[in-house]
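> structure, please.
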Amino acid sequence: MIWNGLSSVGGFFGALVGFFWYLRKVKQPYLIWSDMLVFGLLVGFTLGRLGCALVHDHPGAIVDPSHPLAVGPWPGGEYRFDNGLLEFMYLVPIVLFVHFVFGWAKSAPGRITGLMCLLYAPFRFTLDFMREKDKLYFGLTTAHYATMIIFAAGVYLLFIRKPKPDDFAYAKDSERIARERAEAEAKNAAPAAT
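Okay, here's the model as predicted:
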């Protein structure tokens with residue numbers, strides 16, 4: 001059960017595999033679709049974490065009841081961090097920033113995705129130290145390693161990758177589809193003529 005210790009990060013990985021497979025199949029640009037996906041995912045993921053917080057789905061480490069972030073009592077009488085609540089509280093200002101402050105309509109492809117990777121990865125990395133229990137590999141969880149990759153992707157998309165002219169090739173997609181259709185029709189008509 002390799003997914004047992006990945007939580008939402010495992011879901012992100014599975015979605016990413018399907019995302020790249022499908023967009024490659026239909027010949028669509030990754031970065032444009034990634035930005036659109038992240039824009040909507042932010043709201044859905046935040047509301048999902050609200051649900052986690054309401055049912056206390058992610059018990060964190062046991063803390064003293066006087067701790068300002070202590071939630072409880074949990075079954076057993078102890079007070080804990082509620083990791084779902086902490087993540088919800090962190091995501092709300094990010095959603096508001098991305099939707100109402102960040103200039104997403106004029107940003108280069110991949111910028112929203114890169115920004116979210118940079119904002120989410122360090123918080124999630126820290127939050128994983130506050131989990132109740134998880135299997136460790138060299139002192140870190142699988143989610144820790146995944147968030148390192150997510151952070152590196154954010155650094156690449158925001159600071160290293162330069163916009164390219166073909167980033168906006170999707171805008172001429174109808175021309176590509178018409179050209180491919182004409183080529184397919186010509187190919188199908190050629191054997192019939194012989």
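
> what's the longest helix belonging to the chain packed up against?
Ordering each helix of the chain by length in residues (DSSP state H) puts helix 30-55 first. In this structure, helix 30-55 makes packing contacts with helix 8-25, helix 83-100, helix 111-127, judged by 3 or more Cβ pairs under 8 Å, 6 or more residues apart in numbering; DSSP states H and E. The C-beta positions use only the backbone N, C-alpha and C, and glycine is treated the same way.

> show the average pLDDT along the next helix-or-strand element following it.
Using DSSP states H and E, the helix or strand that follows helix 30-55 towards the C-terminus is strand 59-63. Computed over strand 59-63, the mean pLDDT rounds to 87.

> and the angle for strand 59-63 with helix 111-127?
Angle, strand 59-63 to helix 111-127, by axes from the mean of the first three to the mean of the last three Cα atoms, to 10 degrees: 40 degrees.

> so Pro65, which state does it fall into?
Secondary structure of Pro65, reduced to three states by DSSP: H, G, I helix; E, B strand; the rest coil: coil.

> what sits against it?
For Pro65, the contact set (Cβ atoms under 8 Å, 6 or more residues apart in numbering) comprises 72, 79.
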